[in-house]
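**Q** How does the following fold in three dimensions:
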Amino acid sequence: MAGPDPVDVRLLSVVAEMGRAAVPEIAGRLGMDVRDVAARLAALSTTGLPLIVGVECDAQAIRNAVAAAQHWAAQNMASGPYPVAGPSGAHQVPQHSGSYPPPGGYPGQTGGYAAPNYGGPSGPQRFVPTGPPPTSFPQQQQAAPQDPMNVWGPPGSAAWARGDQPAPQAPQPQARTGKVGSKLDVDGLEGERITILLVEVVDPADFLFTAAGYELKDGERAVVVHTELTNRGQTPFTSLPDLYLELIAKDGSAIAKSPVSLSSRPPHRIGVPPGETAGGHTVYVLPESTELTAVRWTPRPGDTQRTLLWDITDL
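**A** This is a model prediction of the structure:
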């Protein structure tokens, strides 16, 4: 009898601790791929556990993306064969009219069409590609209001299925900015009205790091960031305040927090009730030569609408 999957056990432990959270938050807490976490949670929710896996979206933005995809399909797929992804790559799907299947069966098939044998051996089934794979996808003959290729990616790709990439031409909202000691307001994912204060950036903080019993490798340094989150609304803030608090280097790269806490600088705790303020310290370990320019906060990766940015170049 197979034992429980240790990864699932860790995943359920974090879910139990957080109570309610978005999949990207759980993935960030565990250092796992978002898709892997989503798949595991979906599977676990069918085993009888008291677990509900939900989805949240900007309904209008999703409708716009679907409408753009349908517009593209109407203009391009009706004009000829279109590429689809299969186990052997992109290939042409033969078109036919009339009854299904086409008279005489599909190309390359002898003896006519054979009905699928659902009682036979299991395994992936696919059509046999006919002809060489296309070298490019069909081009639009007429400009659409919004090119779905920018939103969904090439047909048959993972980006096409997910639709999680923003259109490059869409205007990006400006991040709210400040300096050390500034309070910046933002709305949370659940409609929370929150204010985050960047209290202090200790750079370097090697003495705090080593005093807590940790060791730095040669060429490394530690940085400690102190922030406070105030919940100004009536909705509880249920996430970890510094879950996606990052340092931004001069080259634009982001440095995620380290999974350590210092006894002299208490870490953040999950959740801030309405009307309360909670503070905490976030620890980072980075190359000694890295030049930092900013501290960035987002409620989830890639959420440019709710990004806060503090300039720390004057430190």
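**Q** Look up which helix or strand residue 284 falls in, please.
**A** strand 277-287 (DSSP states H and E).
**Q** and for that strand, what are the contacting residues?
**A** Contact partners of strand 277-287, identified using Cβ atoms under 8 Å, 6 or more residues apart in numbering, comprise 199, 205, 209, 216, 219-231, 241-242, 245, 247, 249, 255-258, 260-262, 265-269, 272. For every residue, glycine as well, the C-beta is placed using N, CA and C.
**Q** which of the residues you listed are buried?
**A** 205, 209, 221-231, 241-242, 245, 247, 249, 255, 257, 262, 265, 267-268, 272 (16 or more other Cβ atoms under 10 Å).
**Q** Looking at the residues you listed, which are in strands?
**A** Assigned to strands by DSSP state E, the following of the buried ones among the contacts of strand 277-287 qualify: 221-231, 245, 247, 249, 255.
**Q** and of the residues you listed, the nearest to residue 65?
**A** Checking these against residue 65 by Cβ to Cβ gives residue 245 as the nearest, at 29.8 Å.
**Q** Just confirm the closest one contacts residue 299, I think it does.
**A** No: using Cβ atoms under 8 Å, residue 245 makes no contact with residue 299, being 10.6 Å away.
**Q** just the helices in the chain please.
**A** Assigned by DSSP state H, the chain shows helices spanning 6-18, 23-30, 34-44, 59-76, 148-152, 158-162, 206-211.
**Q** Next, format those helices as TSV and append distance to residue 237.
**A** TSV is the format used below for those (distance: least, Cβ to Cβ, whole Å):
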stretch	distance to residue 237
helix 6-18	12
helix 23-30	12
helix 34-44	21
helix 59-76	23
helix 148-152	31
helix 158-162	28
helix 206-211	27
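**Q** Those helices: lowest mean pLDDT?
**A** Of all the helices of the chain, the minimum mean pLDDT falls on helix 158-162 (a mean of 48).
**Q** mind showing which ranges of the stretch 51-200 of the chain have poor pLDDT?
**A** 77-175 (pLDDT under 70).
**Q** Pull the contacting residues for residue 222.
**A** Applying Cβ under 8 Å, 6+ apart, the residues contacting residue 222 are 204, 205, 206, 208, 209, 214, 216, 283, 284, 285.
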